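K.L.:
build me a model:
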Amino acid sequence: MASVLVIGGQGRIGGRVAFDLLKYTNAQVTVTGRQLSTSEASLPDYAVNESRWTSSTLDLDNREQLTQAIASHDLIIHCAGPFHYRDTRVLKACIDQGVDYLDVSDCAPFTQQALALHDAAQAAGITAIINTGVFPGISNSMVRLCMETFAQKTPQMSAQSSPQQNSQQTERQAKTIRLYYAVAGSGGAGVTVLRTTFLGLQKPFQVWINGQWQQKLPYSDRQVVQFPKPYGKVGLYWYEVPETITLAQSFPVQTVVTKFGSIPDIYNRLTWMVARWFPSSWIQDPSMIESLSQVSYKMTQVSDRFSGTGIAMRVEVTDSVDVAGNDSDRLTTSGSQPQMHAITLTHPDTAIAAGAGTGSLAQLILARRLHQPGVYPVEAALPTALFQEVMTARRIHLTHG
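P.N.:
Next comes the predicted model:
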């Protein structure tokens, strides 16, 4: 029987990853936390009385303990965020031990550090996939599917076509990727996710617009996007996510837009105020981040009863030249009307969706259906056919159009 170690598995997201593993694989699952939880009230509801589930403590600062834990498992899943505070020691230990690796990282600098270990992971023969979960994670695979669908719908150049026709067909290459995320309340996640949100407000970040890297302020350029019911119109803002980096590298596009927003809108307004009005020294103070996170978490415990904890995601791929990184449908360079393909996903619980995104990759790796030595983002590692298969099995539906 395969064994999986879920580091940070006693947290909300890590626990949902463990849930997915217990439901869709036959693996023995060990979840870790900084302190051992043994009371039934603190255990995940799906893990109580589950014979394939065990719990243990793990201190990531104890290198010897970490090495021993990794060596005794077949797959490591790193869920101990925020990844703004993490280095790549877990991934490096997996490379040294020859053990496959997944993580739920959502931090661009961490992503760059992990991708730098690609050659070492490839030489060790391990499959390491980063940024798994829902966004990033499922969202990346939605982009790949959208890109492939757009290409299939676009006429290809032909020897029988006129030069003018070929010129117009060449123009029908995808040039802009837009990702829109809306999360209701806490998303069913814990305080760690809220810490990540505030950490993302600390400084400007790089975005890929019109074929070059440009700086954007976090929580800037509000844009209202229409999502399916029950979400409706949601205000979204620029926010740093690793998809901005990896999608620009994975696909030959000119612009990648990544915007995020919360439901109800009051949370957007409050987050905007923190980003714009608080002195930078406050936002970069760990104690202030912790205070903001704890207060926000208590607020969402109340609002979740009304807003729910779901997620809505929309991916758009278009051949329009978006030089501003907004939602304007511009003409193509040949002057024709732009073509676009879109995919939308909604789920009533963000944390469960994140667990499904990571758990499905673990399922494929354990079944030896996904083996690609090196370090990869999801869109570069997971074929679309497998993505659609595991999403269908989990009753996660994608809407095209």
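K.L.:
could I get the CA-only coordinates of the top helix by length along the chain as CSV?
P.N.:
The longest helix of the chain (DSSP state H) is helix 286-307. This file holds the C-alpha atoms of helix 286-307, laid out as CSV (Å, rounded to 0.1, in the frame of the first residue of the first chain):
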residue,chain,number,x,y,z
PRO,A,286,4.3,40.2,11.0
SER,A,287,2.4,41.2,14.2
MET,A,288,0.1,43.5,12.1
ILE,A,289,-0.4,40.8,9.5
GLU,A,290,-1.4,38.4,12.3
SER,A,291,-3.8,40.9,13.9
LEU,A,292,-5.5,41.6,10.5
SER,A,293,-5.8,37.9,9.8
GLN,A,294,-7.3,37.1,13.1
VAL,A,295,-9.9,39.9,13.0
SER,A,296,-10.8,39.0,9.4
TYR,A,297,-11.2,35.4,10.3
LYS,A,298,-13.6,36.2,13.1
MET,A,299,-15.6,38.4,10.7
THR,A,300,-15.8,35.7,8.1
GLN,A,301,-17.1,33.2,10.7
VAL,A,302,-20.2,35.4,10.8
SER,A,303,-20.5,36.3,7.2
ASP,A,304,-20.0,32.7,5.9
ARG,A,305,-23.5,31.9,7.2
PHE,A,306,-24.9,34.3,4.6
SER,A,307,-22.4,34.4,1.8
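K.L.:
name every strand pairing with the helix or strand following it and say which way it goes.
P.N.:
Next in sequence after helix 286-307, counting helices and strands by DSSP states H and E, comes strand 311-318. Strand 311-318 pairs in its sheet with strand 176-184 (antiparallel), strand 340-347 (antiparallel), by DSSP bridges.
K.L.:
report the inter-axis angle for the longest helix of the chain versus strand 176-184.
P.N.:
If you take axes from the mean of the first three to the mean of the last three Cα atoms, to 10 degrees, helix 286-307 sits at 80 degrees to strand 176-184.
K.L.:
list the helices and strands helix 286-307 packs on?
P.N.:
Applying 3 or more Cβ pairs under 8 Å, 6 or more residues apart in numbering; DSSP states H and E, we find helix 286-307 packed against helix 191-199, helix 265-277. Where you see a C-beta, it was placed from the backbone N, CA and C, and this is true even at glycine.
K.L.:
could you rerun that using 6 Å?
P.N.:
Packing partners of helix 286-307 (3 or more Cβ pairs under 6 Å, 6 or more residues apart in numbering; DSSP states H and E): helix 191-199.
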